[in-house]
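S.K.: Starting from these lines, generate the structure:
(chains A, B and C)
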Amino acid sequence: MSAIKPVLTKGIGELNLRDLEVYRSEGGYVQFERALKELTPAAVLDMTTRSGLRGRGGAGFPTGKKWSFLPNDGRPRYMVCNCDEAEPGTFKDHMLLEETPHQVLEGILLGAYGIGSHHAFIYIRGEFRRGYEIFRAALDQARAAGYVGSNLFGTGYDLELTIHRGAGAYICGEETALLNSLEGKRGEPRLKPPFPALQGLYQMPTVVNNVETLASLPHILRNGPEWFAQVGPERSPGYKIVSISGHVKRPGNYEVALGTSMRTLIDECAGGMRDGRKFMAVQPGGASSACLFEEHLDLSYDFDTIAKAGSMIGSGAMVVFDDTTDFVKAAHAVVRFFAHESCGQCTPCREGGNWISRTLTRILDGRGVPSDIEVLKSAGHQMTGLNLCALGDSVEPFLASVLHRFEDQFRAYVTAPQAAVA
Amino acid sequence: MTMASEVHLKIDGIAVTVPTGTLLVEAAKQAQKHIPVYCYHEKLGPAGLCRVCLVEVEGMPKLQIGCNTVATEGMVVHTQNAKVDDGRRAILEFLLLNHPLDCPICDKGGECDLQDYVMAYGQDSSRVIDGKESKPKAVDLGPTIVLDEERCIVCQRCVRFDELITHERSLVVKDRGAHDIIATATDQPYVSQFSGNVTELCPVGALTSKTYRFLSRKWDNHRAVGSCAQCSVGCGINVDVRQGAITRTMSIPEDVTSDGWLCDRGRYVISFGDDQRRLRTPLYRHREQLVQVTWDDAIGLWAQALQASASPQRVAALGGGRLMNAEILQLQALFRSFGTPHLDWRVGRSQQAGAGRATASLAELDRAQAIIVVGVPPSQSAPVLDLAIRKAVFRHKAQLISVGPFGAGSSVPQQRAARIDEVAGLLPDGTERIVFVWDGIDPQLGREIANLRTQWSTHGRSAGVLVATTLSNAWGAEALGMHPSFGPGYQPLASSGLDTAGIFAAGRAGELDVLSFHGANPVLTWHDASIVREALARIPFVVATDLFLTQTSELATLVLPVASAFERNGTMTNLFGQARPIEAGLPVPDGALSDSEVLVALAQALKIALPDAASLTSLEERALEAARIAPLDCGAEQLAGRRLAPDRPGLQLALAANVFAGGGTTAHDTRIEALRPLPTATLEPATAQRLGFVAGTLVDLHAGAASVKNLTLRLDASLAPDTIALVADLPQAPANLLFGSEPLRLEATRVLEEVAA
Amino acid sequence: MRKSLFNIAALLTGFRTTFGYFFAKQPTIAYPDVKKQHAPRFHGLHELRRYADGQERCIGCELCSIACPANAITVIGGENTPELRRSPGERGAASYEIDELRCIFCGMCEEACPTDAIVLTPRFEMADYRRSGFVYAKDRLLVPPEAGVGEAPNERPNGIPSDLGFVAKKKSTVDIQTGYSATHRGTILKTQRRGLAG
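M.R.: This is a model prediction of the structure:
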């Protein structure tokens, strides 16, 4: 176990944090009340900016900067919490929602106050039925306690929160697709520009933040932005929940300071590889990230270092592969997922993902031909960078990284198809 | 911060200056560079879906899409280089992965953007080993459209047209990813007045017209550029002809009047010209039978009848609303030279066509803050005008108010006013630019419009008027002298002749010897059928020039077959007062003559000199110019002074319009059978309940001895109470039989089983 | 006498050519009873082929028509319906005409054809008394169902067709006086037009 004191995950498994009183006894809603009574929204924004908090949803965009893009034109603003966690390998928001719903709620309320919004939304993935019920109960408690509604704490500030449940499309985790879905339209990403900060939900200035990002806000306010900023590397500071899965002894969510090495994460947090197995590769940021290998294990797990190594930490989902892995099958699973989840709007993602997926299916069926390797390489490459949203660009990284590293595995399928299948 | 109004950039080394906010795909046109596009369309804007419009912008690591990248100061853009070409090649390879490549049997073959761009940027061979995804082919999307899902490249132009232009939102994308298909939201057939436009918007052969299916290739067609003659808008059309038959009509994208769109009536009513029932020889009534005669005999008989008449006062001519401008001038010159003052174009319900200097322009309609539709909704008389109204309402936030028993079109948010004097109360303060769209039917309403205009002009409000009718050249007929009180250019005459009502009354009284109809069918379209029939029975010599034996021409003494609008050259005048060019796509069929030739022949027989072609042209120009500045207003006394409907106790009759009703071209085009309205009677639900009728009942409607039978009863909550609405001008159920003050009696004959069950 | 002998010799010399040919092998053939072997890749009269199940190969795509450098081919497409199924798929040829007087027998139509429907046979006998008799429509071009599939142009050994084709001595069923005119084609075109249906 890493030596840090848990922040976001504090009390999980020990206390019933779903109960308002328990959460309050742990210092809950104090910061929200303080913010409303003592701080201006600008001060909350300033603290967020100074904390160096970067988005925990995948792109790692500085949160304070995102908020500062909102135009000051008097139009209503909306805060939307993105709880459509659907990236294969990620399961942290799910846990936060179910275990500490009040922490998430307080984060959303603080975020909404920080951008001066009077109406916040939470978009909960359709499959999270239990999480939705828990969160709804928490919202009811909070509303009864006067944390949500009009004239909060007698300050005259109104803040309403609406829960929206998704219908189970991965693409709705993309912020503009989420906004479309929230508006009742087909969940398809919007053409950008205009960005949500200018024309978001119902064409109004909107901020979409991840659950974990918002849940960090009460702690930043409580301990001060400097406390947060001094944890981990300078440019990507703070605590992060890493969801470790795959061929490790103890898969699960682990809260660490950014900057911890991946070797520490795998060996100490997750208890190392399964017995007798050798580490082969790791996806540091969920299904859409490129694989890193043995030589990268000592790299610091933070946004910039991993990006420099050619991958990304995304939402913090480490998928670990050992030496029993058939990377052709792994690549097929990943590509098939993205091809299935493509909304079909733009050409490269709709057609390219499907093409690669079908090619891999055929290779696994033992009907591959040597030219397929070239197709996999070039089709993946030529569909990247041309898409309307990031989904289309997510097909290539894993495929390209394992194809580069384990080309022999792919070749084995296409040159001696029968043997490989057997 | 002020924004510069122009930015300077370099496209492929060529310096261009464009207004701020211009998209690269438009800016490139200035540099004479073409950026390929599928989903982008000038009138639909960028969608960013097809990704084929890739360009390289210096300083940006990735290729950018030209359709959604705004030109900025100092930008350096490359539309052609190895990187761009490779990006486009990649996109085209993706597009062809599941495209069936059935170009040989595709109607778009030869004019397909996918073919063209693959030839220009694509690779020459396929790397696909797996088969293609199969999707439904030859899907029957609606009455007019066939959809091939395999060919679809999901550019969503059709979906966006239905959302952004017609605002009907019936087309959607269903399923997702590689299984995307185009469908209607409700799974019902795609029915729209503008459905044909999607076949032109579709960059590939996914959406094609049923009427053009497998008929021709682009290179087989000879194209005539003209204007549509199906209503008073006069949209620009391309008429494609192969082997002497019209294969299709297409819009002209640059045409300002139509904004590049066509309605389905204009697009699909094209094959009446070679219908079996088309008249090919003059017919003369001999012993109660119409027999074939030669043209010489026909003209001779007509001239003889005219000369035998005791006085030119006993001669009258009606019609002209379907003729060319020059023909109208010849027509009125001929009869005025002969000495008859009884000329009138008004053979339908509309009593006025032009509003002189009160006429609004298209630009005024576009900029209007409020649009007030009075009477028949333009969606059923001049559909493309309705599209312009929708644009003003949705894009420029104009307020739409409809006056009368019918709404102005279902997909447009509007306020309803039962009476025109309620309109002023609905207009918010600060409404300065107003346009009335009037059907020209009730002169009383016209006068009220004129009164409002006068009142408002003192308050700084300006209100223009558009008179929308289905007659293609009603304006021209009125302004060029087919009027009892006016000569060409609304020149007042010393003494007025009889108007249409007067002519029929005189005919019934036995005071007329010769009456000629020029492209007119008053037995079906005049508000009272019985008076027309009685007049025709009493007038000894009735001439009708027409394409078919219509309800009127079958009662005539002499029927002369003439040319259709597709077979004539000339100009017509649309509701904005613009002269619209008509170009013949087909020759006049054997045995028929153009109206102009008929009139010239008659003039020769009567030894009357008609103006020559050059003087006709200058006369036409001068008269139209005078007409556009004529001090007229709606419902003006000298234009139309008659109240149409007499008082009737109890249930009131309202006449609804349908763009596919009528006894002429629409009734004689066998291919639009599915689009023609069925005979229906519509009641407001509460009224129906009070009278004890349910929807779906087959009813007969009686007024005195007259009756219209076999009407299917429908309910419509937007209709006024105590009103029964019938579709006007429907040959199988002519509502004008019921004109009069006799009370209406509704009688159920049968409840249709499927509705009852 | 000597002079006359000399004359006889001259006569014989002269007649040697004549009599030589008298007994030589005849270069002419008794056409039409005997037929000459055509050159291997000789291009003659067209025929329209069928599939093994008897359906027409021609899909009415007009590619032959646009490929034709002499503008000799006129095709009018038509829709296959369950009642009238000409060819597999959606589209077939409602009318197919080749004006053999315009044709330059270049074979471009054969190359353009995506379904190997139009094939040039070695048959060259097309005599007629009237020009209109040289406009061959489907009634004469289309092989009878019993003709089988035939060889595709690219399947012929050394480019040599193995038979003369099946467009034999069929008589045109089209009225030559009125047929094949533009009006007639327009009539065919008009009959192919489809109505709008709900």
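S.K.: Could you pick out the residues of the stretch 301-422 of chain A near chain B for me?
M.R.: A:339-348, A:350-355, A:358-359, A:362, A:369, A:371-372, A:375, A:382-383, A:385-388 (CB under 8 Å from any CB of the partner chain). Glycine gets a C-beta too; all of them are placed from N, C-alpha and C.
S.K.: Spatially central residue in chain C, please.
M.R.: Taking CA atoms, centre = their mean as the criterion, residue C:45 is the residue nearest the geometric centre of chain C, at 1.5 Å.
S.K.: Enumerate the residues of chain B near chain A.
M.R.: B:46-52, B:54, B:62-63, B:68, B:70, B:86-87, B:90-91, B:93-95, B:97-98, B:127-130, B:133, B:153-154, B:156, B:172-173, B:175-180.
S.K.: of those, buried ones?
M.R.: B:46-52, B:54, B:63, B:68, B:87, B:90-91, B:93-95, B:97-98, B:133, B:153-154, B:156, B:172-173, B:176-178, B:180 (16 or more other CB atoms under 10 Å in any protein chain shown).
S.K.: Contact partners for the residue in the stretch 551-700 of chain B that chain C sits nearest to?
M.R.: Nearest residue of the stretch 551-700 of chain B to chain C (CB to the nearest CB) works out as residue B:671 at 4.0 Å. Going by CB atoms under 8 Å, 6 or more residues apart in numbering or on different chains, residue B:671 touches B:211, B:268, B:271, C:193-196.
S.K.: Which residue is the nearest non-sequential neighbour of it?
M.R.: Closest residue to residue B:671 apart from its sequence neighbours, by CB to CB, 6 or more residues apart in numbering or on different chains: residue C:195 at 4.0 Å.
S.K.: Wasn't the one you found part of a helix?
M.R.: No. If the criterion is DSSP: H, G, I helix; E, B strand; the rest coil, then residue C:195 is coil and not within a helix.
S.K.: Distance check, it against residue B:210.
M.R.: Distance from residue C:195 to residue B:210, counting by CB to CB, to the nearest Å: 8 Å.
S.K.: Same check on residue B:665?
M.R.: Separation of residue B:665 from residue B:210 (CB to CB) stands at 19 Å.
S.K.: And the strands in the chain?
M.R.: Here I'm looking at chain A. Ranges of strands within chain A are A:78-83, A:119-124, A:149-152, A:157-165, A:206-210, A:239-246, A:252-257, A:279-283, A:292-293, A:317-322, based on DSSP state E.
S.K.: The chain in question should be chain C.
M.R.: Assigned by DSSP E, chain C shows strands spanning C:46-48, C:73-79, C:91-99, C:118-120, C:135-136.
S.K.: Next, format those as CSV and append mean neighbour count, distance to chain B and mean pLDDT.
M.R.: Formatted as CSV, the strands of chain C follow (neighbours: other CB atoms under 10 Å in any protein chain shown; distance: least, CB to the nearest CB, whole Å; pLDDT from 0 to 100):
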stretch, mean neighbour count, distance to chain B, mean pLDDT
strand C:46-48, 24, 15, 92
strand C:73-79, 23, 4, 94
strand C:91-99, 23, 4, 94
strand C:118-120, 23, 13, 92
strand C:135-136, 25, 14, 90
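S.K.: Residue B:673 is in contact with the residue nearest to residue B:671, correct?
M.R.: Yes. The pair residue C:195 and residue B:673 passes the contact test of CB atoms under 8 Å, sitting 5.7 Å apart.
S.K.: Need phi/psi at the closest residue to chain C within the stretch 51-200 of chain A.
M.R.: Relative to chain C, the nearest point of the stretch 51-200 of chain A is residue A:186 (27.7 Å; CB to the nearest CB). The phi and psi values for residue A:186, taken as degrees, to the nearest 10, are phi -60, psi 130.
S.K.: So it sits against residue A:180, correct?
M.R.: Yes. With contact defined as CB under 8 Å, residue A:186 reaches residue A:180; the gap is 6.5 Å.
S.K.: between those two, which one's more packed in?
M.R.: Set residue A:186 next to residue A:180 and count neighbours by other CB atoms under 10 Å in any protein chain shown: residue A:180 wins out with 20 against 16.
S.K.: burial measure for the closest residue to the residue nearest to the centre of chain C other than its chain neighbours, as a count.
M.R.: Spatial nearest neighbour of residue C:45, excluding adjacent residues (CB to CB, 6+ apart): residue C:123 at 4.5 Å. Close neighbours of residue C:123, defined as other CB under 10 Å, add up to 19.
S.K.: Close to chain B: what parts of chain C are there?
M.R.: Chain C comes close to chain B at residues C:59-63, C:65-66, C:76-79, C:89-91, C:114-115, C:182-183, C:185-186, C:189-190, C:192-198, as judged by CB under 8 Å from any CB.
S.K.: How about chain A?
M.R.: Residues of chain A lying near chain B (CB under 8 Å from any CB): A:169, A:186, A:191, A:193, A:339-348, A:350-355, A:358-359, A:362, A:369, A:371-372, A:375, A:382-383, A:385-388.
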